[in-house]
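J.: Show me how the following folds:
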Amino acid sequence: MLSGTFKAIPNTAGVGNIEYSLRLVDKTSTSCYVSGIPTGTLLDKHGKALPTHISYAGPATAMPSMKITITPGEAAKATVRFSPDVPGTGEPATKACEQTAYKLRVTPTGGGTTNAPISPPTPVCEKGSLYFVTAFTR
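T.: Numbers count the residues shown, from 1 in each chain. Sure thing, here's the model as predicted:
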């Protein structure tokens, strides 16, 4: 059982994009693990899935698959960059590019899912493109 947060990193907004930090904390009494890059789905206020596309920060051939063990109370983290306000092809230019996302449903490699509240809630432009995603670390 993991709990998660997905929060804006202060002073990272600029040139139409921002960085958020994803943290997953082990809430059990036994260790668990995650590996690779986070996978998941953006959710609206009511838990409905929104368009989501996740891309690794490096070349696909170098995508890490190292197992990160999380002991009870510890966290694994990843960094995500995306555009909250620069519309992509086919998105409106006069209003929000996409619906506001309130949670990120994360599906770690080790199994299970957890909904990480997004703070602050935000639209994710380019049809939910979360890019420059780093692999999990401790």
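
J.: going forward, measure contacts and count neighbours with C-alpha atoms only.
T.: Will do.

J.: contacting residues for A75?
T.: 23-26, 138 (Cα atoms under 8 Å, 6 or more residues apart in numbering).

J.: So what sits opposite it in the bridge?
T.: When assigned by DSSP bridges, A75 has beta-bridge partners V25.

J.: For this structure, list the residue farthest from the centre, please.
T.: Largest separation from the mean C-alpha position in the chain: T94, at 25.9 Å (Cα atoms, centre = their mean).

J.: Please pick the buried ones from the contacts of A75.
T.: Among the contacts of A75, those classed as buried by 16 or more other Cα atoms under 10 Å are 23-26.

J.: what's the closest of the residues you listed to E98?
T.: Comparing the buried ones among the contacts of A75 against E98 with Cα to Cα places R23 closest, at 24.0 Å.

J.: mind listing what that closest one touches?
T.: So R23 contacts 4-6, 75-78 (Cα under 8 Å, 6+ apart).

J.: what's the closest of the residues you listed to T30?
T.: Once Cα to Cα is applied, the member of the contacts of R23 that ends up nearest T30 is A75, at 13.2 Å.

J.: where does the closest one sit relative to L22, distance-wise?
T.: Distance of A75 to L22, computed by Cα to Cα, to the nearest Å: 10 Å.
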